[in-house]
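here is the input, now give the coordinates:
(4 chains, ligands or ions: 4)
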There are 2 protein chains.
Amino acid sequence: MTAPAPIPGEREPLGRRDYEKELRDAGVRITRPRRTILRILSETDDHPDALEIYRRAIRTDPSLSLSTVYRTMKLLEDRGAIQRHAFAGGPARFEQDHGAHHDHLIDIDTGDVIEFTSDKIEALQDEIARSLGYDIVHHRLELYGRKRRKR
Amino acid sequence: MTAPAPIPGEREPLGRRDYEKELRDAGVRITRPRRTILRILSETDDHPDALEIYRRAIRTDPSLSLSTVYRTMKLLEDRGAIQRHAFAGGPARFEQDHGAHHDHLIDIDTGDVIEFTSDKIEALQDEIARSLGYDIVHHRLELYGRKRRKR
DNA sequence: CTTTTAATTGCAAATAATTTGCAATTGCAT
DNA sequence: ATGCAATTGCAAATTATTTGCAATTAAAAG
Ligand SMILES: [Mn+2]
Ligand SMILES: [Mn+2]
Ligand SMILES: [Zn+2]
Ligand SMILES: [Zn+2]
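Residues are numbered from 1 along each chain as shown, chains lettered A, B, ... in the order given. Ligands and ions are numbered 1, 2, ... in the order given. As a prediction, this is how the structure comes out:
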């Protein structure tokens, strides 16, 4: 089983991290479940929870267990390969860490998750923390909103 | 048993909401457990979780149950009497709703919770949501930080 | 103050999300 | 190919919270 050659014309985001290599180099074994889960995370642009990742995973590897999904998410989080989110109410949801930080707007009617960034807000947060004598290690900003009624 | 007369000199925050009356007027029965819990919430300025509220409550009423704490928190939340927070990791934590919105900075070493407000950030959030076609219904902003090392 | 009755409570059991112990399996360095 | 620690699947345990139900009680009515 050779790695598929890059298909010309197929958009492969430049600079996409090679998690498999990163993990291997860090001394982490690349097992079938881990490869499956990594692929699922790389193929999606939404924010699936553990159960959803599990459902998608068993389509490829029916013997893979939910425990392994949880264990793998923890491993990937510790390695900085993914981000874990805990949106209001529901279970933890995950997404690949693409390097660039962003925050989320959740549509309270549909559950849709929209990503956004704001350098201004990030700067203000730093400023506030500093004025309180703190350095921010991480933060969480979630906007819960409803689509604006048509004019 | 008459209500204690206001003690002159005793600082009774002006405009503090009379939750007992508000609830009674809304048709909610004022029971012993509820009175106990309301008093605990009014006496603290931290953010206790259900178990901590329970522990404080049974000092006054040993028969009060944890179930009732949970049920009461839900009732108070629905009535807008308290705010429920879900800081990273731990169980839900509560605080009386004093009307003025604020956000939190959590000291990741000590667990201390520091409150702050920023009109600028609030305004930016509205602006961002609007630009995405949304109206904010509520939001969550938590800064997790570490005390700045003495320069 | 007694009666009346629906709201409320305590307790135990149920849920939901996640974690963990352990024996069997497997990646991967020799 | 071999050896063994890392990893996995499964079941059971944990943590936080919710719920069914019979007993209790707040407060409306008399
Ligand atoms: Mn995201
Ligand atoms: Mn607060
Ligand atoms: Zn941010
Ligand atoms: Zn805010």
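
residues contacting stretch A:132-149, please?
A:87-88, A:103-109, A:121, A:125-126, A:129, B:88, B:105, B:107-108, B:114, B:116, B:125, B:128-130, B:133-148 (Cβ atoms under 8 Å, 6 or more residues apart in numbering or on different chains). The C-beta positions use only the backbone N, C-alpha and C, and glycine is treated the same way.

for it, the averaged confidence score.
Stretch A:132-149 comes out with an average pLDDT of 96.

again, but for stretch A:53-72
97.

can you check stretch A:78-91 too?
Averaging pLDDT along stretch A:78-91 gives 94.

which residues sit against that stretch?
Under Cβ under 8 Å, 6+ apart, the answer for stretch A:78-91 is A:17, A:19, A:22-23, A:26, A:28, A:38, A:41, A:47, A:49-51, A:73, A:76-77, A:92-97, A:104, A:106, A:113, A:142, A:144, B:86, B:88, B:140.

the contacts of stretch A:132-149, buried ones only, as a ChimeraX selection?
The following ChimeraX command selects only the buried members of the contacts of stretch A:132-149, with burial defined by 16 or more other Cβ atoms under 10 Å in any protein chain shown:
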select /A:87,103,104,105,106,107,108,121,125,126,129 /B:105,107,108,114,116,125,128,129,134,136,139,140,141,142,143,144,145
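
can you list the strands that the longest strand along chain A pairs with?
Taking DSSP state E as the criterion, chain A has its longest strand at strand A:134-147. Here strand A:134-147 has these sheet partners by DSSP bridges: strand A:103-107 (parallel), strand B:134-147 (antiparallel).

show me how far that strand is from its chain's centre.
Computed by Cα atoms, centre = their mean, to the nearest Å, the chain-centroid distance of strand A:134-147 equals 16 Å.

and the spatially most central residue of chain A, what does it touch?
Nearest to the geometric centre of chain A sits residue A:95, at 1.3 Å (Cα atoms, centre = their mean). Going by Cβ under 8 Å, 6+ apart, residue A:95 touches A:41, A:44, A:46, A:47, A:82, A:83, A:85.

any idea how far it lies from residue B:37?
39 Å (Cβ to Cβ, to the nearest Å).

and what of residue A:97?
Residue A:97 is 41 Å from residue B:37, by Cβ to Cβ.

these two: which is more packed in?
Per other Cβ atoms under 10 Å in any protein chain shown, whichever of residue A:97 and residue B:37 has more neighbours is residue B:37, with 27 against 18.

can you report phi and psi for that one?
The phi/psi pair for residue B:37 (degrees, to the nearest 10) reads phi -70, psi -40.

isn't it right up against residue B:58?
No: the criterion here is Cβ atoms under 8 Å, and residue B:37 misses it with residue B:58 at 11.0 Å.

shared neighbours, the two?
Common neighbours of residue B:37 and residue B:58 are listed as residue B:64 (criterion: Cβ under 8 Å, 6+ apart).

list the contacts of the residue in chain A positioned nearest to ligand 3.
As assessed by Cβ to the ion, ligand 3 sits closest to residue A:103 within chain A, at 4.2 Å. Under the criterion of Cβ under 8 Å, 6+ apart, the neighbours of residue A:103 are A:115, A:116, A:117, A:118, A:121, A:141, A:142, A:143.
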